[in-house]
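S.K.: Turn this into a model:
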Amino acid sequence: MKRYKRVNQLGFVVPNMEDGMKKYGEIYKIKKWYRPVNEPQGELFFEGKPFQDPRYDMAIGYCGKTEIELITVGDVDNLYSRFLKINPNGGLHHISFFVKDLAKWIEEYKALGFEVTQNGVVNGKHSKCYFAYMTKKGDNLGCIVEGAELRLGKMRLKSRNAFSLKLGLLTKDTIKLN
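M.R.: The predicted structure follows:
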């Protein structure tokens with residue numbers, strides 16, 4: 001299995017986006033939050049079944065080079081809403097690695113006993129993010145790992161950073177929140 005040099009993202013599910021930005025902004029010293037324009041590209045899947053959550057929203061900020069992602073959701077059954085049922089105040093939901101080949105990454109984690117729990121594709125006007133959340137059976141959502149393959153057009157990106165989100169303001173792939 002390839003050794004990853006660092007965790008690219010900490011993903012938090014929060015019951016309220018404004019409160020979450022304030023709380024995690026203070027903890028991680030984040031002054032600017034951005035919203036990638038993430039529209040589902042095709043179906044999103046939870047436990048192999050398609051789902052849609054019209055209340056899904058996210059914000060991204062940076063603590064150094066680590067991306068801090070905040071996610072809010074509705075009551076649709078998915079990995080996020082189940083997490084909020086167990087943790088009504090929200091909290092750390094997953095860690096994420098930005099990978100070059102998502103299919104290969106999935107196979108590496110399957111060999112460690114993980115399975116794909118939620119996956120899909122979201123995109124902006126010029127970018128796409130293919131993602132898969134992996135969990136272990138019986139772990140009660142205690143160890144969620146995400147692999148994300150980022151693309152700009154046909155080009156695969158190594159990572160997303162604060163500069164790329166600022167660039168996204170020009171291409172309409174990002175909205176500045178504060």
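
S.K.: what does stretch 133-141 contact?
M.R.: 79, 82-83, 86, 94, 106, 109-110, 113-119, 143-147 (CB atoms under 8 Å, 6 or more residues apart in numbering). To be clear about C-beta, it is placed using only N, CA and C from the backbone, and glycine gets the same treatment.

S.K.: Restricted to strands, list the residues you listed.
M.R.: 94, 115-119, 145-147 (DSSP state E).

S.K.: Any quick ChimeraX command for the buried ones out of these?
M.R.: Restricted to buried positions by 16 or more other CB atoms under 10 Å, the ChimeraX selection for these reads:
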select :94,116,117,118,119,145,146,147
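
S.K.: tell me the mean pLDDT for the helix ranked longest in the chain?
M.R.: Longest helix in the chain, counting residues (DSSP state H): helix 17-28. Mean pLDDT, helix 17-28: 97.

S.K.: Need the CA coordinates for that helix. CSV is fine.
M.R.: Taking Å, rounded to 0.1, in the frame of the first residue of the first chain, the C-alpha atoms of helix 17-28 are listed here in CSV:
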residue,chain,number,x,y,z
MET,A,17,-23.1,26.1,9.1
GLU,A,18,-22.8,29.6,10.6
ASP,A,19,-22.2,28.3,14.1
GLY,A,20,-19.7,25.7,12.7
MET,A,21,-17.7,28.4,10.8
LYS,A,22,-17.5,30.4,14.0
LYS,A,23,-16.5,27.5,16.2
TYR,A,24,-14.0,25.9,13.9
GLY,A,25,-12.7,29.3,12.7
GLU,A,26,-11.7,30.1,16.2
ILE,A,27,-10.2,26.6,16.9
TYR,A,28,-8.2,26.5,13.6
